[in-house]
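# how does the following fold in three dimensions:
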Amino acid sequence: MDWTFTDDRPIWQQLTEQLTVRILKGEYPPGGRLPAVRELASQAGVNPNTMQRALAQLEADGLAVGSRTAGRTVTEDAAVIEAAAKARARAAVAACLEVLSQLGYGAEDALVFVKEELHHA
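This is a model prediction of the structure:
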């Protein structure tokens, strides 16, 4: 797995986002066990404390469930996963609309652009 980081936000937030995407894509399936903190930290090349903070945020977001003896697993609650996917999609649309607005385009223009992109895909 590739991990990429930028300098604009804390690493733990970027880790949380990347782990979230992997859960939403099914790389870590519902009910599946997440790798241990140290294993994930090693893969990502980060301090285990940083990875621990990211995983704690996944738990706070409801996407992961922690157990003292069994480690962390992905939630089995499909509604939580679906809500997280929709929230992420809405945020992407909002960001796109913001950029279009800055360029002077409106909602109707955005729809035209989306339709054009769909025809090229």
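# biggest helix in the protein by residues?
In the chain, taking DSSP state H as the definition, the longest helix is helix 78-102.
# helix or strand right after that helix?
As assigned by DSSP states H and E, the chain's next helix or strand after helix 78-102 is helix 107-120.
# just the buried residues of that next one, please?
Using 16 or more other C-beta atoms under 10 Å as the burial criterion, the residues of helix 107-120 that qualify are residue 110. All C-beta atoms are positioned from the backbone trio N, CA, C, and that covers glycine.
# same check on stretch 64-82?
Under the neighbour-count criterion of 16+ other C-beta under 10 Å, stretch 64-82 has 64, 65, 72, 73, 74, 75, 80, 81 buried.
# before we move on, back to that, list the buried ones in the longest helix of the chain?
By neighbour count with 16+ other C-beta under 10 Å, helix 78-102 contains the buried residues 80, 81, 84.
# rewinding a little: in TSV: the buried residues of stretch 64-82, plus distance to residue 24, pLDDT and secondary structure.
Putting these into TSV (distance: C-beta to C-beta, whole Å; pLDDT from 0 to 100; DSSP: H, G, I helix; E, B strand; the rest coil) gives the following:
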residue	distance to residue 24	pLDDT	secondary structure
64	12	98	strand
65	16	97	strand
72	16	97	strand
73	16	97	strand
74	10	98	strand
75	12	98	coil
80	11	97	helix
81	7	97	helix
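# closest to residue 29 out of these?
Using C-beta to C-beta, residue 74 comes nearest to residue 29 of the buried residues of stretch 64-82, at 6.5 Å.
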